[in-house]
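# Got a predicted structure plus its sequence, pasted below:
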Amino acid sequence: MADLPQAFDLQELSDRAGVTPRTVRYYIQQGLLRSPGPPGPGAKYDVGYVDRLKLIRRLQQEHLPLVEIRRRLEDLSDDDVRRLLRQPRAPGKTSAVDYVRSVLSPTGRTLAMRDQTVEAMAAPPPSPSPERSQWDRMILAPDIELHIRRPLSRAQNKIVEKIIEYARRLLEEDTP
């Protein structure tokens, strides 16, 4: 990296980081990159911007949303970013489709959260839904509705009746 100039313009930054100038501007707007100072053709960027852009791209390849990437980057110094870039990539899925399949798989799965790995419990298999169903819309008050998919079991109907009764009592208490 010794051959990089101390400061370069937006096009040079984009070329070195492998992104478009528009992407750089968007990341600045979204808070992933700090502003280089006064906007315009005279804006100058240093090597830290190239490193941050490379780290952003790596984190995107791990399927992290920009909000999470911004949260992770906001407290990192340029040295921290360089150190993270030197670390080998964690083995991961090869494509977004593989990632989605792993998240939606019915067996236990591993989710990465804030540099920790948490074993997620597999969701219970969905109960078979009736072949035909209909939705009932019950208006409890203006702007408050309860939507119920029918048919329901006898026990579920009793619960719905209790919910409606309780909601109506609550709403009557609030009326002047």
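Perfect, thanks for sending it. Numbering: from 1, shown residues only.
# Neighbours of residue 31, how many?
Applying other Cβ atoms under 10 Å, we find 14 residues neighbouring residue 31. (C-beta placed from N, C-alpha, C; glycine too.)
# just checking, it touches residue 70?
Yes. The pair residue 31 and residue 70 passes the contact test of Cβ atoms under 8 Å, sitting 5.3 Å apart.
# May I have stretch 49-68 as PDB, with CA atoms only?
Backbone C-alpha positions of stretch 49-68 (Å, rounded to 0.1, in the frame of the first residue of the first chain) are rendered in PDB as follows:
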ATOM      1  CA  TYR A  49     -11.500   5.100   2.600                       C
ATOM      2  CA  VAL A  50     -10.200   2.300   0.300                       C
ATOM      3  CA  ASP A  51      -9.900   0.000   3.300                       C
ATOM      4  CA  ARG A  52     -13.300   0.800   4.600                       C
ATOM      5  CA  LEU A  53     -14.900   0.300   1.100                       C
ATOM      6  CA  LYS A  54     -13.200  -3.100   0.900                       C
ATOM      7  CA  LEU A  55     -14.400  -4.100   4.400                       C
ATOM      8  CA  ILE A  56     -17.900  -3.000   3.500                       C
ATOM      9  CA  ARG A  57     -17.900  -5.200   0.400                       C
ATOM     10  CA  ARG A  58     -16.600  -8.100   2.500                       C
ATOM     11  CA  LEU A  59     -19.400  -7.700   5.000                       C
ATOM     12  CA  GLN A  60     -22.000  -7.400   2.200                       C
ATOM     13  CA  GLN A  61     -20.800 -10.700   0.900                       C
ATOM     14  CA  GLU A  62     -21.600 -12.100   4.300                       C
ATOM     15  CA  HIS A  63     -25.200 -10.900   3.600                       C
ATOM     16  CA  LEU A  64     -25.200  -8.200   6.300                       C
ATOM     17  CA  PRO A  65     -27.600  -5.300   5.900                       C
ATOM     18  CA  LEU A  66     -26.100  -1.800   5.600                       C
ATOM     19  CA  VAL A  67     -27.500  -0.800   8.900                       C
ATOM     20  CA  GLU A  68     -25.500  -3.600  10.600                       C
END
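# Can you report how many residues lie near residue 48?
With neighbours defined by other Cβ under 10 Å, the count for residue 48 comes to 15.
# ok, it - contacts?
Shown in contact with residue 48 (Cβ atoms under 8 Å, 6 or more residues apart in numbering): 78, 81.
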